[in-house]
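Q: here is the input, now give the coordinates:
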Amino acid sequence: MTEVADRTSSGTREPAGTPAAAHAGGPSVDVAELGELLLGKWADVRRTARELAGRPEVHKIEGLTHTEHRKRVFGQLKYLVDNRAVHRAFPERLGGSSDHGGNIAGFEELVTADPSLQIKAGVQWGLFGAAVMHLGTQEHHDAWLPGIMSLDIPGCFAMTETGHGSDVASISTTATYDAATKEFVINTPFRAAWKDYIGNAAEDGLAAVVFAQLVTQGVNHGVHAFYVPLRDPDTKEFLPGVGGEDDGVKGGLNGIDNGRLHFSEVRIPRTNLLDRYGAVSVEGRYSSPIASPGRRFFTMLGTLVQGRVSLDGAAVAASKVALATAIRYGSERRQFHASSTQEEEVLLDYQRHQRRLFTRLATTFAAGFAHEQLLEKFDDVFSGRHDSDADREDLETLAAALKPLSTWHALDTLQECREACGGAGFLIENRFASLRADLDVYATFEGDNTVLLQLVAKRLLADFAKEFRNVDFGVLARFVVTQAAGAAFHRTGLRAVAQFVADTGSVQKAAVALRDEGGQRTLLADRVQSMVAEVGSALKGANKLPQHQAAALFNQHQDDLIDAAQAHAELLQWEAFTEALGKISDPGTKQVLTWLRDLFGLSLIEKHLSWYLMNGRLSMQRGRTVGAYINRLLAKIRPHALDLVESFGYGPEHLRASIASGSEKGRQDEARIYFEAQRAEGKLPAPEKPHRAVKGSKST
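A: Numbers count the residues shown, from 1 in each chain. As a prediction, the model looks like this:
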């Protein structure tokens, strides 16, 4: 990795612009230990994937036309196949390794090479191939998976329609069984039913897994998946009845040939139904191992949750790349003579610059630790070790909670890092603008972030309702009284008075209370519980109302629901960070990471400070100390900033940003040497203002 810092005489690395005494007597970070912790359970897979992602053969070349970029990315898919980088999740008997967690861990790292390559690979093997594997049977596996794995069958995942994105249950494409010919007939009956934004659809896809309403014997059995050939393998022309359009140039990810597909009386064999969860006999009788249509639908979609899991991890990786570049640049770039007439200040020594970057650094660590827990949960479910209905529901809820936060955070981090690097950050060669454009769609695909948080909120409400489903009237009455008393305690200011008395008006005591692990957990958890309970109470009995009245009531509280879900996800990240602290053995590393965890927790409290004050959870005294204590944490973290981003493990071959290469330090050193020489030789012109003052005094 390129050196971007000076070394003291003892060999200890010091960030440029930081006094050598900054570490004296203080903690230090064991970069190697922290790096291992961040690599997680699949450390070896990540190392292998990063080595591959660092090769020029898979890097994005900026400035290509979308046609050129598409061609390059398709060729890179073959490179991945040749290097056995995409087969980890597939069955061992077909050449895979049945390593579901490792597959996602390796896939995430491709974002550092080219997000278009990552997502196109995800379409081919993580969506198209995974749908055949998880929704089909061994007969389907044997027929199509070898060609999918080798890229002989490039394919599409055709779920989203122009008229229905997140509402998959309402898609309008139909697959009607014709018992006379033993075929399904696929139709998109109107324009809004066209499959849209489909990767591989515009050029490369030879087949697709098409999601459609299964109709047989006059009954609609809901959404099922069908394997549908699209193009002639030799001519690449659409097959009869299949049509489509190119989506053209997009805001990002232009190495992927997204397009639209439509079907008119397209006939496929009955056996092309991926029938693990729902089958149709030759005579047309429907059967399923899952009797409930709703549960069957969510079970089928739940098998495809890996898309959300992988985007969560890729967003964290992109945030790490951005912060590694911006913090390295900030430790070298100098601007303004704030404390010296001769030496300009290093950007990273300015408090506001630290606020911009270190708070996002803390969130990135939290998101990374939470993702590792999500990945382990995903592997437990898909390996079959823990694969109950409850486990799958927990996995889906966890993925729906974390993916919105990490993808929004990545976009925010890329933008803030871009701005923190000034004009240099806007240059494509430093990748912020390019990465942000490519990751923009992460917020709305594999589940729109807002819709996903609504799903989480509904799960929180369901869990809240379960607690009172079987209790008697007396228990429920006591809960209502307790809630009312609690609200009175908070809102009359009694809690605020108690906190002020405990603090005795002391800023120091208030800070100790806020930085306490138990205090942070209480504040974050109490906010979630209170928000859920308040909405749950407001919606009580909604299921007994007429549909339109229930919908109106729910809509009145939709915003509160989504806020509660986001608060829940933030708590999950904080808890994951706190749990990770227990895995660190080096005392110095643990201390620095604890400061970083506190920075994350207090940043959340500061972000929602109005809620804590309005609801009486914090006194004004403690509320005023939050920002001040955050600033104290920034100063403590400053000497360790370079070590923290070095622990991410990304080298120059992954960052590929000239401002992270040490070139800025070279420019600053050159300038310093020049002015020192000019000063020593007496050649520096006198500044105008002092010069005028001297002349004026002589003239009088």
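Q: please, where are all the strands along this structure?
A: 5-7, 13-15, 155-158, 174-178, 183-187, 195-198, 207-216, 219-229, 242-246, 259-263, 266-269, 279-280, 286-287 (DSSP state E).
Q: deepest of the ones you listed, which one?
A: Neighbour counts (mean count of other CB atoms under 10 Å) averaged over each of the strands of the chain peak at strand 155-158, with a mean of 30. Using the backbone N, CA and C atoms, a C-beta is placed for each residue, glycine as well.
Q: CA atoms of that one as CSV?
A: Listed next in CSV are the C-alpha coordinates belonging to strand 155-158 (Å, rounded to 0.1, in the frame of the first residue of the first chain):
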residue,chain,number,x,y,z
GLY,A,155,-29.9,-14.9,-18.8
CYS,A,156,-32.3,-12.4,-17.3
PHE,A,157,-34.3,-12.1,-14.1
ALA,A,158,-37.7,-10.8,-15.4
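Q: sheet partners, orientation included, of it?
A: strand 207-216 (parallel) (DSSP bridges).
Q: looking at the protein, which helix or strand does the model trust least?
A: When each helix and strand of the chain is scored by mean pLDDT, DSSP states H and E, strand 5-7 comes last, with a mean of 36.
Q: neighbours around Thr82, how many?
A: Actually, residue 82 is Asp rather than Thr. Asp82: 9 surrounding residues under other CB atoms under 10 Å.
Q: try Gly26
A: For Gly26, the count of nearby residues is 13 (other CB under 10 Å).
Q: repeat for Gln138
A: Other residues within reach of Gln138, judged by other CB under 10 Å, total 11.
Q: Lys41 is nearest to which of the strands of the chain?
A: Nearest of the strands of the chain to Lys41, taken as CB to CB: strand 155-158 at 27.4 Å.
Q: what is the rounded mean pLDDT of the closest one?
A: For strand 155-158, mean pLDDT is 98.
Q: okay, the strands of the chain in CSV with distance to Ala550 next?
A: Conversion of these to CSV gives the following (distance: least, CB to CB, whole Å):
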stretch, distance to Ala550
strand 5-7, 60
strand 13-15, 58
strand 155-158, 33
strand 174-178, 29
strand 183-187, 33
strand 195-198, 31
strand 207-216, 25
strand 219-229, 22
strand 242-246, 39
strand 259-263, 35
strand 266-269, 39
strand 279-280, 35
strand 286-287, 30
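Q: out of these, which gets nearest to Leu405?
A: Closest to Leu405 of the strands of the chain, according to CB to CB: strand 195-198, at 23.2 Å.
Q: so what does that closest one touch, helix or strand wise?
A: Judged by 3 or more CB pairs under 8 Å, 6 or more residues apart in numbering; DSSP states H and E, the packing partners of strand 195-198 are strand 155-158, strand 207-216, strand 259-263.
Q: possible to save these as JSON lines with distance to Ala465?
A: Output for those, formatted as JSON lines (distance: least, CB to CB, whole Å):
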{"stretch": "strand 155-158", "distance to Ala465": "35"}
{"stretch": "strand 207-216", "distance to Ala465": "31"}
{"stretch": "strand 259-263", "distance to Ala465": "41"}
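Q: ok, which of these comes nearest Gly136?
A: Evaluated with CB to CB, the helices and strands packed on strand 195-198 place strand 207-216 nearest to Gly136, the distance being 8.9 Å.
Q: C-alpha coordinates for that closest one, PDB please?
A: The C-alpha trace of strand 207-216 is given here as PDB (Å, rounded to 0.1, in the frame of the first residue of the first chain):
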ATOM      1  CA  ALA A 207     -33.200 -17.000 -21.600                       C
ATOM      2  CA  ALA A 208     -35.100 -15.500 -18.700                       C
ATOM      3  CA  VAL A 209     -36.700 -16.600 -15.500                       C
ATOM      4  CA  VAL A 210     -40.000 -14.800 -16.000                       C
ATOM      5  CA  PHE A 211     -42.400 -14.200 -13.000                       C
ATOM      6  CA  ALA A 212     -46.000 -14.400 -14.000                       C
ATOM      7  CA  GLN A 213     -49.500 -15.100 -12.500                       C
ATOM      8  CA  LEU A 214     -50.000 -18.900 -12.900                       C
ATOM      9  CA  VAL A 215     -53.500 -19.700 -14.200                       C
ATOM     10  CA  THR A 216     -54.800 -23.200 -14.700                       C
END
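Q: just the angle between it and strand 183-187, please?
A: 100 degrees (axes from the mean of the first three to the mean of the last three CA atoms, to 10 degrees).
Q: ok now strand 207-216, how far from the chain's centre?
A: A distance of 30 Å separates the centroid of the chain from that of strand 207-216, by CA atoms, centre = their mean, to the nearest Å.
Q: okay, angle between that strand and strand 259-263 too, please.
A: 40 degrees.
Q: if we can go back for a sec, which of the strands of the chain sits closest to Thr407?
A: It's strand 195-198; of these, that one is closest to Thr407 (CB to CB) at 16.6 Å.
Q: so for that closest one, what's the average pLDDT?
A: Averaged across strand 195-198, pLDDT comes to 96.
Q: show me the contact partners of that strand.
A: Applying CB atoms under 8 Å, 6 or more residues apart in numbering, the contact partners of strand 195-198 are 156-162, 173, 188, 201, 205, 208, 210, 247, 258-262, 445.
Q: let's go with 10 Å and repeat that
A: Around strand 195-198, the neighbours that count as contacts under CB atoms under 10 Å, 6 or more residues apart in numbering are 123, 127, 156-165, 171, 173, 188, 201, 205, 208, 210-212, 244-245, 247, 250, 256-263, 441, 444-445.
Q: residues near Thr303, how many?
A: For Thr303, the tally of surrounding residues (other CB under 10 Å) stands at 18.
Q: so for Asp275, which of the helices and strands packed on strand 195-198 sits nearest?
A: Among the helices and strands packed on strand 195-198, the nearest to Asp275 by CB to CB is strand 207-216 (9.8 Å).
Q: tilt between that closest one and strand 219-229?
A: Going by the same axes, to 10 degrees, strand 207-216 makes 160 degrees with strand 219-229.
Q: can you state the direction angle for strand 207-216 and strand 174-178?
A: Angle of strand 207-216 versus strand 174-178, following the same axes, to 10 degrees, is 60 degrees.
Q: ok, and the closest non-adjacent residue to Lys458?
A: The shortest distance from Lys458 to any non-neighbouring residue, by CB to CB, 6 or more residues apart in numbering, is to Leu561 (7.7 Å).
Q: wait, Asp257 sits on Arg72?
A: No. Contact status for Asp257 versus Arg72: not in contact, 12.0 Å apart, counting by CB atoms under 10 Å.
Q: stretch 641-660 spans what distance, first to last residue?
A: Terminal residues of stretch 641-660 lie 14 Å apart, using CA to CA, to the nearest Å.
Q: and that stretch, how far out from the chain middle?
A: The answer for stretch 641-660 is 19 Å, by CA atoms, centre = their mean.
Q: mind listing what's buried along it?
A: The neighbour-count check on stretch 641-660 (16 or more other CB atoms under 10 Å) flags 641-651, 653-660 as buried.
Q: try stretch 36-55
A: Buried-residue list, stretch 36-55, by 16+ other CB under 10 Å: 37-40, 42, 45-46, 48-50, 52-54.
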